[in-house]
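Participant: curious how this folds, go ahead:
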Amino acid sequence: MPSNNTQLEEIKAMISEFVVGNYDAKSKGTAGDPELDIILGSLNILGDVLKTKHHPPGEEQLIKAVLRSSPDLILRVNRAGEYKDFIANNFNDLLIQPDKIKGASIATTPFPEQVKKDMLYYLDKAIGTDVIQYYSYELDIHGSTQYFDARIVKVEEDEAICFVQNTTDSKRYERRLEDNNRDLTNLINTFPGIVYRCLPQPKRNLVYINEGCGELTGYRTDQMLRDLRRLSDIIHEDDRAHVEKTLLKALSEKQPYRIEYRIISRHQEVIKVFDQGMPHLGEDGDIISLTGFITDVTTRSLIEDALIASESKYRSLVENMKEGITVMDNEQKIIFVNDQFCEMTGFNEMELIGLKGEDLVYEPDRELFNRKLSQRGKGVSDQYEIRLKTKSGKIFWDLVKGSPVYDQKGNITGAMGTHTDMTAWKNVEENLRIKNEELETFIYRASHDLRGPIATTQGLVKVAAQRSTNLEMSSYLQLIQETTKKLENILDDLTQVAFIKQGSLDMTVLNFNDIISTIKDHCSDQPNFKKIKFKVKNRVDDPIYSDEKLVEIFLRNLIQNSIKYFDKDCENPTIEIFLETLGGEVCIKIKDNGIGIPRANQKKIFDMFYRGTEQSNGSGLGLYIVKNAVEKLGGRISCTSELGKGSEFTVYLPISSSFHSEEELALM
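Facilitator: Residues are numbered from 1 along each chain as shown. Got it, this is the predicted structure:
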């Protein structure tokens, strides 16, 4: 193969022949053509001159087309910078009209002075040294900066050919590529972990690693590439076999890989990492490198371990609870049960999963169950008692504590229930109820049985008092009369308690004005009644159904208390009775300006046989009767009082437009 110098000499000689017109047409296969002389003579120079083979003359037209599609401008210039000839694909690059090129010179071309100086300098150097000269310049053409690369080749003692290429597009692409590469490099270097490229072998000799390796491993990039060189050097020795096995599999299958393992940092810290990479294949299909990234998953791993431990503890807690646990979806299908609930019902887990919750509920209680379950969809948590059926058909009482289940977005996805078998408690409760009924029956009958002897005693004492002329005897008879009256009042209170406890509700439309008027008539013989002013405001317009007898009992006791404990020093003793409807309830307020109740006593005033003041000479059952009557009607009562200023009792009763049972009132 001829040397580069020999090739250059041959090219120069060939170009010289074309330039001076001495090309031998007979031996070379073409006639002397000045333009073709330059085309053929410059062909080998294209592509850095030495890289393109000489084309035979038979391909003249093809050569000419190729050349016109390659450099933007080819000039033949003498040492003085005068243009002798040219081929131009883009006349804008000349900044001069084509018909004025011949005879013009670099000095007269409208180029910037520095550009002209550089052209003349490299032209003189190319001719003087026989060395191809390369240089670049910029031109402002029609307001746009254009970039050019030029090559000057000597062809005669004082002439050279100048090849000019407009490189504006490539320059822009290069700059864009540089910007992209810079952005990519910055992105890779700010990546929270390691980005690497290595040789395709299990030890993974490094070819590239980003600056993020320092933060993760403690080693700088140059230390990793120069000193350690292999990723395997920082892998925990207990994990190396696993990593190597995974990589060998990925290499053999030419597939991506994902591995978790531990590394040892420069500071001897053990760090859990996640490594994800893939092989790169060459044109022959062989793996030429591995590229991947490594991230620190120590914190995530600790969280996962803690979560697993937490789930284990939670499951252990759930499985060892004495209460049963169920979780249902929004379609009421059971999706989770614990062992205790299985034991309670006699079903196994597989039999319960997918079953509808109401299928386990005793038929009479299903309406209550479905009503409670619908409340879960509104975000309500509560507890209630229902009866469930076991697999064998046995009925047992279940105390359910229900709550809604939410997903991560706060949407309700179902309901969870905690279940306690209340059958034993219900049996105890039933036995206690029976005993209480027996006791209440005894009190009721005893009070009636005692009422006769008391009435007889009162009659005899009254007759004896009328006939007695002895003052001392008359005073004793008066004391007996007062004592039997107190005993009669106690029997009345006990009778009311028994009536409330044992009696059933008789729901009728209430007329509060008539009830209050009847109570005032009943209390008119009480001492101090005439000193007290009554104010009644009834704003209840709709018909209200309730038990009139129980309403009268609690209103009479409250009004009697206000009369009994009025303030003797008050100039205008008053009792205010106010009624109105609030939402689904009737609100009844009894307010007085009497002596009031000490704060320390207010929590006990509804207890049986409790007397709140020294002035009390009753049985201590009055407010106990009030509370039981209100609760029997499904209502509630509260009290606010200040010593020396008076008391206010507030009763709330459920509004009922029709008859409701006691069980239904309890749920309202």
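Participant: contacts for stretch 224-239, please.
Facilitator: 196, 198, 202-206, 208-209, 213, 217, 219, 240, 243-244, 261-265, 270 (CB atoms under 8 Å, 6 or more residues apart in numbering). C-beta here means a position set from N, CA and C on the backbone, and glycine is covered the same way.
Participant: who's in contact with Phe160?
Facilitator: Wrong residue type there; residue 160 is Ala, not Phe. Contacts of Ala160 by CB under 8 Å, 6+ apart are 76-77, 79, 123, 126-127, 152-154.
Participant: returning to that earlier point: show the buried residues in the contacts of stretch 224-239.
Facilitator: By neighbour count, with 16 or more other CB atoms under 10 Å, those hold 196, 198, 202-204, 206, 209, 213, 217, 219, 243-244, 261-264 as buried.
Participant: which one of those is nearest Phe512?
Facilitator: Nearest to Phe512 among those is Arg262, at 80.7 Å by CB to CB.
Participant: give me the contacts around the helix or strand where the closest one lies.
Facilitator: For Arg262, the element it lies in under DSSP states H and E is strand 257-264. By CB under 8 Å, 6+ apart, the residues outside strand 257-264 that reach it are 216-217, 234-236, 238-239, 242-243, 246-247, 249-250, 270-278, 292, 297, 301.
Participant: likewise stretch 552-565?
Facilitator: The list of residues contacting stretch 552-565 from outside it, by CB under 8 Å, 6+ apart, reads 496, 499-500, 515-516, 518-520, 522-523, 526, 528-529, 532, 575, 577, 588, 590, 592, 594-595, 613, 615, 618, 622-623, 625-626, 629-630, 637, 647, 649, 651.
Participant: Ala126 and Ile303, how far apart?
Facilitator: Ala126 sits 71 Å away from Ile303, going by CB to CB, to the nearest Å.
Participant: check which residues of stretch 563-575 are buried.
Facilitator: 563-566, 570, 573-575.
Participant: in helices only, show me those residues.
Facilitator: Among those, the members found in helices (DSSP state H) are 563-564.
Participant: would you reformat the buried residues of stretch 563-575 as JSON lines and include distance to Glu178 and pLDDT?
Facilitator: What follows is the buried residues of stretch 563-575, written out as JSON lines (distance: CB to CB, whole Å; pLDDT from 0 to 100):
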{"residue": "Ile563", "distance to Glu178": "101", "pLDDT": "89"}
{"residue": "Lys564", "distance to Glu178": "101", "pLDDT": "86"}
{"residue": "Tyr565", "distance to Glu178": "97", "pLDDT": "87"}
{"residue": "Phe566", "distance to Glu178": "100", "pLDDT": "86"}
{"residue": "Cys570", "distance to Glu178": "98", "pLDDT": "88"}
{"residue": "Pro573", "distance to Glu178": "99", "pLDDT": "92"}
{"residue": "Thr574", "distance to Glu178": "95", "pLDDT": "93"}
{"residue": "Ile575", "distance to Glu178": "96", "pLDDT": "93"}
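Participant: where along the stretch 301-450 of the chain do the helices fall?
Facilitator: Remark: helices assigned in the stretch 301-450 of the chain by DSSP state H, counting those that start in this stretch are 339-345, 349-352, 366-376, 423-467.
Participant: quick one, which of the ones you listed gets closest to Ser392.
Facilitator: Of all the helices of the stretch 301-450 of the chain, helix 339-345 comes closest under CB to CB, at 9.6 Å.
Participant: pLDDT averaged over that closest one - what is it?
Facilitator: Here helix 339-345 scores 91 as its mean pLDDT.
Participant: returning to that earlier point: generate a PyMOL selection restricted to the buried subset of the contacts of Ala160.
Facilitator: Buried subset of those, written as a PyMOL selection, criterion 16+ other CB under 10 Å:
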select buried, resi 76+77+79+123+126+127+152+153+154
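Participant: just the ones of the contacts of Ala160 in helices?
Facilitator: Reading helices off the contacts of Ala160 with DSSP H, I get 123, 126-127.
Participant: now pLDDT and distance to Arg175 too, for the residues you listed, in JSON lines please.
Facilitator: Formatted as JSON lines, the ones in helices among the contacts of Ala160 follow (pLDDT from 0 to 100; distance: CB to CB, whole Å):
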{"residue": "Leu123", "pLDDT": "92", "distance to Arg175": "29"}
{"residue": "Ala126", "pLDDT": "92", "distance to Arg175": "29"}
{"residue": "Ile127", "pLDDT": "91", "distance to Arg175": "34"}
